[in-house]
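# What follows is a protein structure lacking sequence information:
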């Protein structure tokens, strides 16, 4: 049993693997423990869904609390920035997390009950379907802290809305409300908060009762997981360059100090 078990809850029901992010007190922000727990959960889901006749025929990624996932834990990031530690986490943790989720062979669904920011948005986009509550939203939250995208978002967002719109969303770094996300085609279904659980369960159950082998082949034909992995690798190189900039250090300190950052472009 992993020491990170409580950070991610896993349940199988009627052919569906439910993976629940369980760090609600920190808005499900991604610290090292949660990243490792998600890697383990996604690896197991991938392995358990590979064989024909598997009991795992669809996967749902969801979260407890008000937020789906607020991205990188900024307190951890500040410590890493100050101590010059953690520079390997994109390569060693974020990229495997994304690649394992994107590489699950059966249909995957992100159930978005609340905001998804940064890598949280990346995790949602790595899934095949997104079902979104009207209380949820998306936000890049990368340039605001002096960083570039991670978790394959520079590819999955382009795949979904096109290069020009993806660049606009990431550079302007504004919140994308649920209604706009639906208009842009970022989500498969937009529902009221009270209807989210039932809607996700219905969609997941329809996949679990369907022709799983055909779903796997179709997904392999359409979803370009190699491109996502290549993008994640390029993102890691960009993050490493930006990790050491004065603007990134200033952005994290300003966020935690609840003041506007003073960027110098360096």
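That came in fine, so what should we check first? It should be emphasised that the depicted structure is a prediction, and the values quoted were computed from it without experimental measurement.

# Skipping adjacent residues, who's closest to residue 107 in space?
Spatial nearest neighbour of residue 107, excluding adjacent residues (C-beta to C-beta, 6 or more residues apart in numbering): residue 207 at 4.4 Å. To be clear about C-beta, it is placed using only N, CA and C from the backbone, and glycine gets the same treatment.

# can you give me how far the helix or strand that contains that neighbour is from the chain middle?
For residue 207, the element it lies in under DSSP states H and E is helix 196-208. Between the centre of helix 196-208 and the centre of its host chain there is 20 Å, according to C-alpha atoms, centre = their mean, to the nearest Å.

# elements contacting it?
Helices and strands in packing contact with helix 196-208 are listed as strand 16-21, strand 58-63, strand 108-112, strand 129-133, strand 189-191; criterion 3 or more C-beta pairs under 8 Å, 6 or more residues apart in numbering; DSSP states H and E.

# give me every residue that touches the residue nearest to residue 107.
Contacts for residue 207 were tallied using C-beta atoms under 8 Å, 6 or more residues apart in numbering; they are 16, 57-58, 106-107, 215.

# That one and residue 257: what is the separation?
Plainly put, residue 207 is 46 Å away from residue 257 if you go by C-beta to C-beta, to the nearest Å.

# got it, and residue 75?
According to C-beta to C-beta, residue 75 and residue 257 sit 12 Å apart.

# These two: who's more crowded?
Between residue 75 and residue 257, counted using other C-beta atoms under 10 Å, the more crowded position is residue 75 (14 against 10).

# and that one, that one's in a helix?
Yes - under DSSP: H, G, I helix; E, B strand; the rest coil, residue 75 sits within a helix.

# mind listing what it touches?
residue 256.

# what stretches of the chain score poorly on pLDDT?
Within the chain, the segments meeting pLDDT under 70 span 1-5.

# can we see that at 50?
1-3 (pLDDT under 50).

# Quick one: list the elements packing against the helix or strand that contains residue 181.
Mapping residue 181 onto the secondary structure by DSSP H and E places it in helix 178-183. Using 3+ C-beta pairs under 8 Å, 6+ apart as the contact definition, the elements that helix 178-183 packs against are strand 129-133, strand 137-139, strand 189-191.

# what's next to the first one, contact-wise?
Residues from elsewhere that reach strand 129-133 (C-beta under 8 Å, 6+ apart): 107-114, 124, 178, 181-182, 186-193, 196, 199-200, 203.
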